[in-house]
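**Q** quick check, what structure comes out for this input:
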Amino acid sequence: MTVIDDPAAAGVSLDPIRARLLAALVEPGSATTLAATVGLTRQKVNYHLRTLEQHGLVELVEERRRGNMTERVMRATAASYVISPAALGAVAPDPARAPDRLSARWLVALAARTVREVGGLLAGAAAARKRLATLAIDAEVRFASAADRAAFAEDLTAAVTALVARYHDDAVPGGRRHRLVVAVHPLIPDTRPDTQDHDTQTREERP
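**A** You can find the predicted model right below:
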């Protein structure tokens, strides 16, 4: 995965045709092999490929001689891409502007900062050929009531605060700061029929 923080590269990746080419180039291909996939002439595909190459989104794998022409085989530089809020410059969300732990907009701003910061660290680690030390926890919890949700929020805040106080040390030489973000938000409802039936049955069977 590559995090794009250059505005020009972000714009190039968002073009629908170029996005299709990037998806197709998870496996190496040439303008000739890709032309039928995207429904364009080889010349137009070549134009898009060169634009993607200029912005570091695809790379040359090999060149093959085909009669009077040289066929360039390209490959995407990553299997997937994420556009960093850094590409938005001054209009990127900043969690420092209006900190509010109960605000959905602040949650989005925190997530945007995470993408920006970790994306930069990921690029540096890849350049240095080193692993990046991170931790992520993903879980789902179903609350029986709004009161339970509020109680959970209080308990979670107390637990995280206690852990931070236990391990945070400003005095030790050579210590390195880490960012900790904990988020809780509703899930988007799953509209699949089998899931709906299961949820309905669970509610009906609840005493």
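**Q** return the distance of the longest helix that the chain contains from the chain's centre.
**A** What stands out as the longest helix in the chain, according to DSSP state H, is helix 104-128. Remark: helix 104-128 is offset 9 Å from the chain centroid, using CA atoms, centre = their mean, to the nearest Å.
**Q** okay, buried residues for that helix please.
**A** Within helix 104-128, the residues that count as buried by 16 or more other CB atoms under 10 Å are 106-107, 109-116, 118-119, 122. Every C-beta, even on glycine, is put in place using the N, C-alpha and C of the backbone.
**Q** next, the spatially most central residue of the chain: secondary structure please.
**A** For the chain, residue 82 is the residue whose C-alpha lies nearest the centre (CA atoms, centre = their mean; 4.4 Å). Classification of residue 82 using DSSP: H, G, I helix; E, B strand; the rest coil returns strand.
**Q** just grab the bridge partners of it for me.
**A** residue 3 (DSSP bridges).
**Q** so what's it up against?
**A** 1, 2, 3, 4, 115, 119 (CB atoms under 8 Å, 6 or more residues apart in numbering).
**Q** measure how buried the first one is and give me the count.
**A** By the other CB atoms under 10 Å criterion, the neighbourhood of residue 1 contains 9 residues.
**Q** mind showing which ranges of the chain have poor pLDDT?
**A** 191-207 (pLDDT under 70).
**Q** does anything pack onto the longest helix of the chain? Which helices or strands?
**A** strand 2-4 (3 or more CB pairs under 8 Å, 6 or more residues apart in numbering; DSSP states H and E).
**Q** roughly how far is the strand it packs on from the heart of the chain?
**A** What separates the centre of strand 2-4 from the centre of its chain is 8 Å, taken as CA atoms, centre = their mean.
**Q** this structure - how does it break down into domains?
**A** The chain is divided into the following domains under automatic domain parsing: 2-81, 94-205.
**Q** look at the first one and report the distance between its end residues.
**A** Domain 2-81 stretches 5 Å from its first residue to its last (CA to CA, to the nearest Å).
**Q** and if you look at stretch 160-173?
**A** Counting by CA to CA, the terminal residues of stretch 160-173 are separated by 24 Å.
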